[in-house]
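Novice: What would the 3D arrangement of this be:
(one chain, ligands or ions: 1)
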Amino acid sequence: MAPRLTLNLRRATAEDLPFVMAVEATPGHDAFINRQPEAEHAAQLASSAFAYFIAEAPPGTPVGFAILSDLTDTRGNHCLKRIAVAEPGRGLGTALFNAVTDWAFANTPVHRFWLHTLAGNARARHLYGREGFTEEGRLRQARPRPDGSREDLVIMSILRPEWQARRAAATPA
Ligand SMILES: CC(C)(COP(=O)(O)OP(=O)(O)OC[C@H]1O[C@@H](n2cnc3c(N)ncnc32)[C@H](O)[C@@H]1OP(=O)(O)O)[C@@H](O)C(=O)NCCC(=O)NCCS
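Specialist: The predicted structure is shown next:
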C-alpha cells in the first residue's frame, strides 16, 4: 500500500460548488469524468443519497473533491460517483480515494463500495486496483464519446471484509 499523504477531508457546502465545477472543467478531465450544472450539484448536495467531500492540503486549500451516491441503498451497495483532483500525479488522488473509502465504511452500513470507470482510464484503474478494488466486469460500450464512438465502463468494488483486512494489515502492531 502506498504511503498516505496528509489530507484534510471535509464535507462540502454549496459554497464549494464553484470549486467542484472548476475541477470538473480542468483541461483533460473531460475525457474521464462528466460535468454537471450547478443546479444539479446543488440538488444532489441536498439529498441524503449523496455525500460531497472536499480534500484540502494543507487545511484550507482545496485540492480535490469526491461525490458518493446511492447512500440510501438498503442493500449496502454504495457508490463512489466521481473523484477528481486539480493537479493529478502528486499522490493526492490516492489520499482522497482512501479517505472517502474509509469514511464510507466507518460512517455507513455499506458492504460493497463500488464505482465504474472508463476502460481507457488507466491511471484511475491502476490506483483503484492498487488500493484493493477488484474488477467485477464491464458495461460494454456503455459510454458514448463526443466523436460518436463508444467506450466500455469497468465496474470495480471493495467489500467490507476486504477493506477491514487491508486496514488491519496497515495498522502497526
Ligand atoms: C484519477 C485521479 C483522481 C487520481 O489522482 P492522482 O492524484 O492523479 O493519483 P496519484 O498521484 O495518487 O496516483 C496515480 C497513480 O497512477 C499511476 N499512473 C499515472 N498514469 C498512469 C497510466 N497512464 N497508466 C497506469 N498508471 C498510471 C501513477 O504512477 C500512480 O501510481 P503509483 O503511485 O502506483 O506509481 C486524478 O488523476 C484525476 O483527477 N483524474 C481526472 C479525473 C478522473 O479520471 N477521475 C476518475 C474517474 S473514475
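Novice: could you give me the average pLDDT of stretch 89-96?
Specialist: Stretch 89-96 comes out with an average pLDDT of 97.
Novice: Give the buried residues for that stretch.
Specialist: Gly91, Leu92, Gly93, Thr94, Ala95, Leu96 (16 or more other Cβ atoms under 10 Å). Where C-beta positions appear, they are placed from N, C-alpha and C, glycine not excepted.
Novice: give me the beta-bridge partners of the residue lying closest to Leu115 once chain neighbours are set aside?
Specialist: The shortest distance from Leu115 to any residue other than its chain neighbours is 4.2 Å, reached at Leu80 (Cβ to Cβ, 6 or more residues apart in numbering). Beta-bridge pairing for Leu80 (DSSP bridges): Leu68.
Novice: correct me, but Leu80 touches Ala66?
Specialist: Yes. If you go by Cβ atoms under 8 Å, Leu80 and Ala66 touch, sitting 6.6 Å apart.
Novice: anything in contact with each of those two?
Specialist: Between them, Leu80 and Ala66 share these contacting residues under Cβ atoms under 8 Å, 6 or more residues apart in numbering: Phe97, Val100.
Novice: Let me know whether Pro59 touches Leu9 as I believe.
Specialist: No. Counting by Cβ under 8 Å, Pro59 stays clear of Leu9, with 10.2 Å between them.
Novice: So for the two, which residue has more residues nearby?
Specialist: It is Leu9, of Pro59 and Leu9, that has more neighbours when counted by other Cβ atoms under 10 Å, with 18 against 9.
Novice: Skipping adjacent residues, who's closest to that one in space?
Specialist: Nearest to Leu9 is Ala99, by Cβ to Cβ, 6+ apart, at 4.4 Å.
Novice: Check the gap between that neighbour and the ligand for me.
Specialist: Ala99 sits 12 Å away from the ligand, taking Cβ to the nearest ligand atom, to the nearest Å as the criterion.
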